[in-house]
Each structure stands twice: as C-alpha cells, then as structure tokens.
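In: what follows is a predicted structure for the sequence shown.
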Amino acid sequence: MSSGKLTFAIVGMRCPDCVTAIENAVMPLPGVLYAGASQAGATLTVRPGPGFRQADLVSRVTALGYTVGDQADATAPSPGPCPCRR
C-alpha cells in the first residue's frame, strides 16, 4: 500500500464530536498511520501503511452510524440525531 493519503466522503458528520468519534475509531485500525476528519469538508483523510484494509475502515465508520459515500451525499443534511450522540 502506498504511503500517500486517501480521502473518503463521510455522510452524517455534523459536529466536532463526530470528528473526534471518527478519528478515535479509525486510528487504532491496523495500517492506519494517520486519520483526520473534517466536519466542514465532510471528509476523512487517512495515511495508509502496511496492513491497511479499506473494508475495515468502512466497516468501522458505518458501525458508528455514518456512511462512507460520494462527496455530493456527504454535504447534504442527514435526518435524525447526530450519530455521535446515539
């Protein structure tokens, strides 16, 4: 796996607590050297290392109540309570 960065759109990220929840959930995954979420951009950027598996990242983020989707979806408001408060 390359040491470049990968950026994913995150649907449902609405507050600073969402940013913290996503970063804290993704950083311990094997092969994640860096994880930074942006509420304003509705994105998650990771620096993958050896052992990184995108499927693990997607699974972890969706387990929190967010969706990894395309950028158009990520910036649209999502109904219901903020996922970090569930």
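Out: Received, thanks.
In: sketch out the low-pLDDT regions of the protein for me.
Out: For the chain, the stretches flagged by pLDDT under 70 are 1-3, 70-79.
In: try it again with 90
Out: 1-3, 14, 69-86 (pLDDT under 90).
In: does the residue nearest the centre of it have beta-bridge partners, and which?
Out: Centroid-nearest residue in the chain: Leu44, 4.4 Å away (criterion: CA atoms, centre = their mean). Judged by DSSP bridges, the bridge partners of Leu44 are Phe8, Ala37.
In: that one contacts Thr7, correct?
Out: Yes: the pair Leu44 and Thr7 passes the contact test of CB atoms under 8 Å, sitting 7.1 Å apart. For the C-beta atoms, the positions are set from N, CA and C on the backbone; glycine is no exception.
In: relative to Gln54, how far out is Leu29?
Out: From Leu29 over to Gln54 the distance is 10 Å, taken as CB to CB, to the nearest Å.
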